[in-house]
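**Student:** Build me a model:
(chains A and B)
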Amino acid sequence: MKSGGSLSIWFFIGVSLAVNGAIIFATGLYELASPPEHQVVLYNLHANVWWGAVLLVLGLFFSLRFSPARERARMASNS
Amino acid sequence: MNPALLVLSSASTLVHLSPVDLVIIVFYFALVLAIGLYLKEQANTGEDFFMAGREMTAWVAGLAFLSANLGSLELMGWAGNTYKYGILAAHWYWIGAVPAMLFLALVMMPFYHICKTHSVPGYLRLRFGAGTQTVSSISFAFMTVLMSGINMYAMAVVMRVVLGWNIHVSILVSSVTVAIYVALGGLRSAIFNEVLQFFLIWAGALLIPILGLIEAGGWSGLKAKILVNLTEQHVSNPGAYTHAWSTLGTFTDNPMGINWVGIVFGLGAVISMGYWTTDFLVVQRVLAAKDLRSAKLAPIIGAAFKMMVPFIVILPGLLGLALLRDPHTGSLLRLVPADLAWSDAGQAAGLHSYDEVLPLMLARYCGPGLLGLGITALIAGFMSGMAGNVSAFATVWTYDIYGALINKNASDESKVTMGRWCTIIGVAVSIGTAYLVMNAHSIMDYVQALFSFFIAPLFGTVILGMLWKRATAAGGFWGLFAGTLSSVGMYAWVKVNPDAVKYVALSSQAQDQAQNMFRALWCWLICVVVTVVVSLLTKPKTDAELADLVYGLTPIPHEEKVSVFHRPVFWGVVVAIAFVILQIIFW
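**Tutor:** Take a look at the predicted model:
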């Protein structure tokens, strides 16, 4: 979409998902190595590891697919 | 405001955020401010600031259309209502949304788009004249600041329950952030953040139903647990909590005290149609679409996702009924109305309100990181809901009150300046209105009361204006006026004399939501009858004056040149079929 500049809304969403996913994934790995004293229900499923990974991959896809460089190139080819 | 809401010890909070959670929350605030600053350069004209340049794609407009309604108010309020009323609450996502969204897309959108109005009151000015525009714009402005206050209240609940943060500080930080990014980037900034919020809400809330269903043993296990728990608590007809339609034959068979007439006609035909087709908060997002096909596709995309929202809102409420237990005693945890939970006795007993079911479920499953994301989703929902109301308020005030009544010769530049100031003033007024909602038993009951006051009669006026060329200016004005007045009157009647509920809602068993549905139905009928009678007694406009405003007098562009998969009507049919299947599954 045209966003009024070279940054697409999908790029912002990608950055948000990627950063949050990376933080959650890393936290999950840390908890695997050092289990917390107070555990949430279904802790054994390690949701933060796989959910963090899903968000990270999705975020990276959006960030790269709608990166400013690609958007500029696409706008240049359309003009 | 209840004093208990203002001063809480850290011991009363559900969870404590870790540094990781705080990083995620701070990152969100930084990102939305960065988006606002980035978009400031693209909000120099009135068309840019108030209409986002009318260049949004169908996907962006559709997700923003849905997200403007999918705030923390929706998440927490409907999860709480599910705990209170069972799966009946899902009707507000299905029959209470999908048919209306499809109707907006396929029937009404062409009129809004072709007449190039800036707002719904703007359409009413073109169709009925300045009087009707004034009534609708003033009532809408009043409603938006109240709704914005509700979002503020929802935010206060999140902060109180989950974090134990100081209410004043959290409200101030969030409000200032909203004021900055909307005042800088206008509607485009609000839309960007709404789409971002849509993804954050799914990312933050989707784990609750997934993990909840695993714990409950799937859908059948969930139903069995609810049945056992409610039977243990001597709740009458506990099976009604997991059936959407089969208990609506009479008023007494379901927890809401409503029958199918209230749901189908009060909710589906009036409240829902009114909200999704005439509430400028949501319609504004679709008006920002780049062309007519995108404008028609956007509500259909919104409807497709709306059908799925119960997975992250209704299901957690049902899971709360099945799984929540007191962590100390192990006995069933029974949530209570907000006024009871927040009374001194309720606080001393550690009671939680219906609206706290979602944060309770979040705390149940989400550890460090995931908890921060879930809280961020709720904060984002709050800020998005508030931004949506404030941006719509700024538009209606600037074009339909300031531009129409105060300064008719206002330049485009002065309108943008007025819009920026309105944004800041709207946020300030919203903070005050947050205090008004503290006495409602449940957030959504209060919201639905507001809708029945302003939205239901407005729908009667707009739909007659679009589909009936004989409707006159006087008919439109007096119909809208009578409808709004009658709705407020019925509300006051029941407040003064609770026995009147058997006349307004046809049953003395009717709960707040049932009263809202029937009140909306009556005031819509009053609006329509008054509009028709007055119109038939007054002189209509000529066909030439109604061109591009009324069905039959407006040439609708055809879509023969696009494939069937690109036609809005095709996807409208697909969504309608999925909607019917869902009703059968959860009958």
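**Student:** B:W421 versus the residue of chain B found nearest chain A, what's the distance?
**Tutor:** Ranking the residues of chain B by distance to chain A (CB to the nearest CB) places B:Q42 first, at 3.2 Å. All C-beta spots, glycine's among them, are computed from the backbone N, C-alpha and C. Taking CB to CB, to the nearest Å as the measure, B:Q42 falls 19 Å from B:W421.
**Student:** repeat for A:E31
**Tutor:** For A:E31, the distance to B:W421 equals 48 Å [CB to CB].
**Student:** same check, this time on B:C115
**Tutor:** 28 Å.
**Student:** touching chain B at all, the lowest-mean-pLDDT helix or strand in chain A?
**Tutor:** Using mean pLDDT, DSSP states H and E, helix A:68-78 stands out as the lowest-scoring helix or strand of chain A, at a mean of 79. No - contact between helix A:68-78 and chain B, assessed by CB under 8 Å from any CB of the partner chain, is absent, since the two come no nearer than 11.1 Å.
**Student:** From the chain's centre, how far out is that helix? Work that out for me.
**Tutor:** Distance, stretch centre to chain centre, for helix A:68-78: 22 Å (CA atoms, centre = their mean, to the nearest Å).
**Student:** what does chain A put close to chain B?
**Tutor:** Taking CB under 8 Å from any CB as the measure of proximity, chain A contacts chain B at A:1-5, A:7, A:9, A:12-13, A:15-17, A:19-20, A:23-24, A:27-28, A:31, A:36, A:39-43, A:45, A:47-48, A:51-52, A:55.
**Student:** B:L230 is in contact with B:L321, isn't it?
**Tutor:** Yes - here B:L230 lies in contact with B:L321, judged by CB atoms under 8 Å, at a distance of 7.0 Å.
**Student:** about what we covered before: who has more neighbours, A:E31 and B:W421?
**Tutor:** Neighbours per residue, other CB atoms under 10 Å in any protein chain shown: of A:E31 and B:W421, the larger number sits with A:E31, 18 against 14.
**Student:** The more buried one looks like it's in a helix, true?
**Tutor:** Yes - counting by DSSP: H, G, I helix; E, B strand; the rest coil, A:E31 is part of a helix.
**Student:** if we can go back for a sec, find residues that contact each of B:L230 and B:L321.
**Tutor:** Taking CB atoms under 8 Å, 6 or more residues apart in numbering or on different chains as the contact criterion, the common neighbours of B:L230 and B:L321 are B:Y241.
**Student:** Spatially central, which residue of chain B would that be?
**Tutor:** Residue closest to the average C-alpha location in chain B (CA atoms, centre = their mean): B:N69, at 4.0 Å.
**Student:** Skipping adjacent residues, who's closest to that residue in space?
**Tutor:** Leaving out its chain neighbours, the residue that sits closest to B:N69 by CB to CB, 6 or more residues apart in numbering or on different chains is B:V282, at 5.9 Å.
**Student:** Going toward the C-terminus from the host helix or strand of that neighbour, what's the next helix or strand?
**Tutor:** Assigning secondary structure by DSSP states H and E places B:V282 in helix B:280-287. Scanning forward in sequence from helix B:280-287, with DSSP H and E defining helices and strands, the next element found is helix B:292-308.
**Student:** before we move on, back to that, residues near the residue nearest to B:N69, how many?
**Tutor:** 23.
**Student:** so what's it up against?
**Tutor:** Counting by CB under 8 Å, 6+ apart, B:V282 makes contact with B:65, B:68-69, B:275-276, B:388.
**Student:** Let's verify B:H558: helix, strand, or coil?
**Tutor:** When the rule is three-state DSSP, B:H558 gets the label coil.
**Student:** quick one: average confidence on the helix holding B:V282?
**Tutor:** Across helix B:280-287, the average pLDDT comes to 84.
**Student:** That helix vs helix B:292-308, what angle?
**Tutor:** Helix B:280-287 runs at 130 degrees relative to helix B:292-308, counting by axes from the mean of the first three to the mean of the last three CA atoms, to 10 degrees.
**Student:** So for helix B:280-287, what gets flagged as buried?
**Tutor:** By neighbour count with 16 or more other CB atoms under 10 Å in any protein chain shown, helix B:280-287 contains the buried residues B:280-287.
**Student:** the helices in the stretch 351-500 of chain B, which residues?
**Tutor:** In chain order, the stretch 351-500 of chain B shows helices spanning B:357-365, B:370-396, B:412-433, B:443-467, B:473-496, with DSSP state H, counting those that start in this stretch as the criterion.
**Student:** whoops, I mixed them up, chain A
**Tutor:** In chain A, helices defined by DSSP state H lie at A:9-33, A:47-65, A:68-78, listed in chain order.
**Student:** out of the ones you listed, nearest to B:L31?
**Tutor:** helix A:9-33 (5.9 Å; CB to CB).
**Student:** Give me the helices and strands touching that closest one, please.
**Tutor:** Helices and strands touching helix A:9-33, as assessed by 3 or more CB pairs under 8 Å, 6 or more residues apart in numbering or on different chains; DSSP states H and E, comprise helix A:47-65, helix B:19-39, helix B:167-205, helix B:370-396.
**Student:** State the mean pLDDT of it.
**Tutor:** The average of the pLDDT scores along helix A:9-33 is 94.
**Student:** Taking helix B:19-39 as reference, get the angle to that helix.
**Tutor:** Helix A:9-33 and helix B:19-39 are oriented at 170 degrees to each other (the same axes, to 10 degrees).
**Student:** just the angle between helix A:9-33 and helix A:68-78, please?
**Tutor:** With the same axes, to 10 degrees applied, the angle from helix A:9-33 to helix A:68-78 works out at 160 degrees.
**Student:** Only the buried residues of helix A:9-33, if you could.
**Tutor:** Counting neighbours by 16+ other CB under 10 Å, one finds that the buried residues in helix A:9-33 are A:9-28, A:31.
**Student:** so which of the helices of the stretch 351-500 of chain B gets nearest B:A304?
**Tutor:** Proximity to B:A304, assessed across the helices of the stretch 351-500 of chain B by CB to CB, is greatest for helix B:370-396 (19.6 Å).
**Student:** What number of residues are in the vicinity of B:V494?
**Tutor:** B:V494 is flanked by 20 other residues according to other CB under 10 Å.
**Student:** so it touches B:V504, yeah?
**Tutor:** Yes - when contacts are counted by CB under 8 Å, B:V494 is listed as touching B:V504 (5.8 Å).
**Student:** who's in contact with B:I35?
**Tutor:** With contacts defined as CB under 8 Å, 6+ apart, the neighbours of B:I35 are A:12, B:181, B:185, B:189, B:192-193, B:196.
**Student:** Make a markdown table from the residues you listed and add distance to B:T144 to it.
**Tutor:** As requested, the contacts of B:I35 are arranged in a markdown table below (distance: CB to CB, whole Å):
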| residue | distance to B:T144 |
| --- | --- |
| A:F12 | 26 |
| B:Y181 | 17 |
| B:G185 | 19 |
| B:S189 | 17 |
| B:F192 | 20 |
| B:N193 | 17 |
| B:L196 | 22 |
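**Student:** What about the residues you listed, which one has the most neighbours?
**Tutor:** Compared across the contacts of B:I35, B:N193 has the highest neighbour count, 31 neighbours, by other CB under 10 Å.
**Student:** returning to that earlier point: angle of the helix holding B:V282 against helix B:443-467?
**Tutor:** Taking the same axes, to 10 degrees, helix B:280-287 and helix B:443-467 form an angle of 50 degrees between their directions.
**Student:** Could you list the alpha-carbon positions for helix B:280-287 in PDB?
**Tutor:** As requested, C-alpha coordinates have been extracted for helix B:280-287 and formatted as PDB (Å, rounded to 0.1, in the frame of the first residue of the first chain):
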ATOM      1  CA  PHE B 280     -18.600   7.000  12.100                       C
ATOM      2  CA  LEU B 281     -15.800   5.600  14.200                       C
ATOM      3  CA  VAL B 282     -15.800   2.400  12.100                       C
ATOM      4  CA  VAL B 283     -17.200   3.800   8.800                       C
ATOM      5  CA  GLN B 284     -14.400   6.400   8.700                       C
ATOM      6  CA  ARG B 285     -11.800   3.600   8.200                       C
ATOM      7  CA  VAL B 286     -13.700   2.400   5.200                       C
ATOM      8  CA  LEU B 287     -14.100   5.900   3.800                       C
END
